[in-house]
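Asker: Here is a sequence with its predicted model. Questions after.
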Amino acid sequence: MSTAETDTDDIPLFAASRKVYPQSVSGPFRRAKWFILLSCLGIYYLLPFLRWDRGPHLPDQAVLADIANGRFYFFFIEIWPQEVYYFTGLLILAAFILFLMNALAGRVWCGYLCPQTVWTDLFLVVERFFEGDRRERMRLDKAPSSLDKLWRKVAKHAVWIVIAWWTGGAWVLYFADAPTLVRQLATFTAPVSAYVWIVILTFTTYSLAGIMREQVCKFMCPWPRIQAALTDDEALNVTYRYDRGEPRVSVKQGLKLKVQGAPAGDCIDCHQCVAVCPVGIDIRDGSQLDCIQCGLCIDACDAVMAKVERPTRLIAYDTETNVKRRMEGLKAIYRPFRARTAIYAALIVVVGGAMLWQLATRRTADISVLHERAPLFVTLSDGSIRNAYAVRLLNKRPEIRPFALTVDGLPGIRIEAVGVAPTADVRPVVIVDPDSSREVRVLVTVPAGVPLEASQAITITASDLFAGETVRATDHFMAPGAKP
Amino acid sequence: MDQRHDAPHIDPHTGIATTGHEWDGIRELNTPLPRWWLGIFYASILWSIGYWVVYPAWPLLTDTTKGVIGYASRADISADMAQLKAQRAVQAAGMTDATPAQIKADSTLFQIAMAQGKAAFGDNCAACHGVGGAGAKGYPNLNDDDWLWGGSLDAIMQTLRHGIRVAGNDETRVSQMPAFGRDGMLKRDEINAVANHVRELAGLSTEPKAKLALGRKLFADNCAACHGEAGKGNQEMGAPNLTDAISLYGMDMASLTETITNSRNGVMPAWGGRLDATTLKALTVYVHSLGGGQ
């Protein structure tokens, strides 16, 4: 290999993209993909219309990202902007689930669930309807311009744009009350941002699912690279069983070879696996970055094998280890319980459990205290020292709640809130509206004669007078400090 | 035909001609601009010509071209300001007729007043009193409960509207403490005696050789008319309480001597003519709510 001919100058760095014409196919994997496609699209388009009663003060949409009011609703869960870490947790969980899927059965996400796959499949149905299957499409593209070609192309793109428009249209429904927004969109009275987002998503859907297709998976998506680094020899992947398939010979030639006692593989080199491939690769070249593992080549190959009366699953979900074992005459083994799957599963349980625990035990009230800095403290005429704080109380319940404020930490310390009348026992009671927050200016005073450092800790407590929930926050109490 | 190149060099991998330049074996593909890009480029040029005609564009020696529709961004600002004023008029409608006390009692009006008051305070008052009203030597701290002219809503409004020692304003706050030393009313040792007596009134240490009896007599003769026999002050006359823990100019001997010798006459502008009635009310409520309101 170390001859002068292996000069990198001769390896072309540029590869022009080549249009892929996937052929239609039928079989169990194709049926599974149809089922998943319909389920995913059904959920996506219908979920915004699902209602969930949250009482009179809150929206009744089951899944709603209420950007204007800073709330996210998911069935019984309501998330405030400061709880955005739940989304972080969700993303971490999603990553681990992806890793586990990958360790068990390869790129299940890419092949069946990824929106890029689902919408590309949908767009291919439209393309097939207007332009026919693989051969007709190839012929049509090569044919000179004609009225027939024109109407087919125009109709296809028009339907694509309509689908893309509805994709964007469904997307914006997650950000406003869906039935209202649909009415507004139909009467052209919706907010401008809704139309802008629909146009953006129309464009992305049309270009990603209609024009770019497999190029997205091959060049834009980071997952193939990550997947390639994460996979191992024991993971199930869509695999060409070359132990069985090689050498590739035609049916006739195979019979001849068998008579002679020479080796003949099951692969008859019919190229059906290549014809149906949505990313335009040859699975027989082995595991590769471009393969999204949709399983359509399995369906195609099985149909051919059945026709030539050979056992099916020449292409199948299998592991690299098993191919090698069979070549050595050993029995195939499947080990779904491996160190990595156990670790991923454990991590999923830990992260999911931590999130559930956090969600189940989270408070419905919160307090935040900000010490005012101009001035840090005030000396009153009787020599007592006073500090001011901006106290914000959060009420995450759908009802009005009164919070009584108290303060601890120093002898004789007392609290008052500007613009809030105190109760009989001198605790200021701050009324907070349902599902909202309220900021009050709070004055904390320590009488003269109490020895004070330049800064000491105090605790401000807010107690719900109805439900008894108590939240507290610690902050500094500033004073002139020890001065001569 | 370019004389330097007989035939364009074709890149073997892409089949595209190169520019003919070569740098250490590296050639540049002569890839033409995409047509859509070129189209947008020419369209932009055409657009810019239209823009010159319609909008202000070219700088001239002393002026600029104005454009045929007479657009100016200054007009936009005027419109925005007018809109803001109209909006504020709607939101603060309730404040026009309400007294500061009524505003303070109404939670909606109170919130508006606090927001408006804070903004107005930052614009007009913070230069002397500090952003949070913390004050400084000679500029009262508005957070505490010690008031020269009273800390009720009405008293604060009065001070805001007419200011302190504003020439030509009949209702302005005026108090005139004599410059006892400068005008020769007290001698140096007498001033020292009075200063020591003031410190005694405030519960502070006095100098070992202080003539406290003389100080007490001089204070009764010269100071008590305004500050009171016990030095408790009088808000009617703007005379500060000398016995509490707060002082505007300092209670050390040097500061007291300076105060008695030369007097202090702080001033504050009258805001009545400068700010509208609603803003004045908002400022009154804001200052009253800083913590010292009475």
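Answerer: Cool, got the structure.
Asker: Where does the prediction get shaky in chain B?
Answerer: The model of chain B has pLDDT under 70 over residues B:1-6.
Asker: Identify the residues contacting the residue of it found nearest chain A.
Answerer: Across chain B, the shortest distance to chain A (C-beta to the nearest C-beta) belongs to residue B:132, at 3.0 Å. All C-beta atoms are positioned from the backbone trio N, CA, C, and that covers glycine. Listed by C-beta atoms under 8 Å, 6 or more residues apart in numbering or on different chains, the contact set of residue B:132 reads A:372-375, B:143, B:290.
Asker: Try it again at 10 Å.
Answerer: Residue B:132 makes contact with A:372-376, A:378, A:388, B:118, B:121-122, B:126, B:141-143, B:290-291, according to C-beta atoms under 10 Å, 6 or more residues apart in numbering or on different chains.
Asker: Scan the residues you listed and report the most crowded one.
Answerer: The most neighbours of any of these, using other C-beta atoms under 10 Å in any protein chain shown, belong to residue A:378, which has 28 neighbours.
Asker: Checking the residue of chain B closest to chain A next. Helix, strand or coil?
Answerer: Following DSSP: H, G, I helix; E, B strand; the rest coil, residue B:132 is assigned to coil.
Asker: quick one on the thing from earlier: so which of the contacts of residue B:132 sit within helices?
Answerer: Among those, the residues falling in helices (DSSP state H) are B:118, B:121-122, B:126.
Asker: out of the residues you listed, which touch chain A?
Answerer: When C-beta under 10 Å from any C-beta of the partner chain is applied, the members of those adjacent to chain A are residue B:126.
Asker: Could you dump the ones in helices among the contacts of residue B:132 into a markdown table and include distance to residue A:49?
Answerer: Output for the ones in helices among the contacts of residue B:132, formatted as a markdown table (distance: C-beta to C-beta, whole Å):
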| residue | distance to residue A:49 |
| --- | --- |
| B:118 | 45 |
| B:121 | 50 |
| B:122 | 48 |
| B:126 | 53 |
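Asker: contacting residues for residue 66?
Answerer: Since you didn't name a chain, this refers to chain A. Shown in contact with residue A:66 (C-beta under 10 Å, 6+ apart): A:58-59, A:72-73, A:78, A:175-177.
Asker: Correction: the question concerned chain B.
Answerer: Applying C-beta under 10 Å, 6+ apart to residue B:66 gives the contacts B:55-58, B:60, B:72.
Asker: partner residues bridging residue A:315?
Answerer: Beta bridges link residue A:315 to residue A:240, judged by DSSP bridges.
Asker: Can you get me a residue count around it?
Answerer: Neighbour count for residue A:315, taken as other C-beta under 10 Å: 26.
Asker: So it versus residue A:213, what's the distance?
Answerer: Distance of residue A:315 to residue A:213, computed by C-beta to C-beta, to the nearest Å: 22 Å.
Asker: Dump the C-alpha coordinates for stretch A:88-106 into CSV.
Answerer: Below are the C-alpha coordinates for stretch A:88-106, written out as CSV (Å, rounded to 0.1, in the frame of the first residue of the first chain):
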residue,chain,number,x,y,z
THR,A,88,-32.9,20.6,30.6
GLY,A,89,-33.8,17.4,32.5
LEU,A,90,-36.1,16.3,29.6
LEU,A,91,-33.3,16.9,27.1
ILE,A,92,-30.9,14.8,29.2
LEU,A,93,-33.5,12.1,29.5
ALA,A,94,-34.1,12.2,25.8
ALA,A,95,-30.4,11.9,25.1
PHE,A,96,-30.1,8.8,27.3
ILE,A,97,-33.1,7.2,25.8
LEU,A,98,-31.6,7.8,22.4
PHE,A,99,-28.3,6.2,23.5
LEU,A,100,-30.2,3.2,24.9
MET,A,101,-32.2,2.8,21.7
ASN,A,102,-29.0,3.0,19.8
ALA,A,103,-27.3,0.4,22.0
LEU,A,104,-30.2,-2.0,21.6
ALA,A,105,-31.4,-1.6,18.0
GLY,A,106,-29.4,1.1,16.2
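Asker: Mind listing what's buried along it?
Answerer: A:89, A:92-93, A:96-106 (16 or more other C-beta atoms under 10 Å in any protein chain shown).
Asker: Is residue A:77 in contact with residue A:87, as I believe?
Answerer: No - counting by C-beta atoms under 10 Å, residue A:77 stays clear of residue A:87, with 11.5 Å between them.
Asker: What's the separation between residue A:148 and residue A:154?
Answerer: In terms of C-beta to C-beta, residue A:148 sits 11 Å off from residue A:154.
Asker: what does the stretch 51-200 of chain B put close to chain A?
Answerer: Contacts of the stretch 51-200 of chain B with chain A, taken as C-beta under 10 Å from any C-beta, map to B:104-105, B:107, B:110-111, B:114, B:126, B:130-135, B:141-147.
Asker: Check the secondary structure at the residue nearest to residue A:215 when sequence neighbours are not counted for me.
Answerer: Spatial nearest neighbour of residue A:215, excluding adjacent residues (C-beta to C-beta, 6 or more residues apart in numbering or on different chains): residue A:17 at 6.4 Å. Per three-state DSSP, the local secondary structure of residue A:17 is coil.
Asker: what about residue A:17, neighbour count?
Answerer: Neighbours of residue A:17 under the rule other C-beta under 10 Å: 11.
Asker: ok, now residue A:51?
Answerer: 11.
Asker: Show the pLDDT at the closest residue to it other than its chain neighbours.
Answerer: Spatial nearest neighbour of residue A:51, excluding adjacent residues (C-beta to C-beta, 6+ apart): residue A:60 at 5.0 Å. Looking at residue A:60, its pLDDT is 92.
Asker: Could you do the one 5 residues further on as well?
Answerer: According to the per-residue confidence, residue A:65 scores 94 in pLDDT.
Asker: So it versus chain B, what's the distance?
Answerer: 28 Å (C-beta to the nearest C-beta, to the nearest Å).
Asker: Quick check: that residue is in a strand.
Answerer: Yes - looking at residue A:65 with three-state DSSP, it is inside a strand.
Asker: what number of residues lie near it?
Answerer: Applying other C-beta under 10 Å, we find 14 residues neighbouring residue A:65.
Asker: you'd agree it is up against residue A:177?
Answerer: No - using C-beta under 10 Å, residue A:65 is not in contact with residue A:177; the gap is 11.9 Å.
Asker: coming back round to it: would you check how far apart the residue nearest to residue A:51 and residue A:68 are?
Answerer: Taken as C-beta to C-beta, the span from residue A:60 to residue A:68 is 16 Å.
Asker: Settle it for me: which of the two has more neighbours?
Answerer: Between residue A:60 and residue A:68, counted using other C-beta under 10 Å, residue A:60 has the larger neighbour count: 14 against 8.
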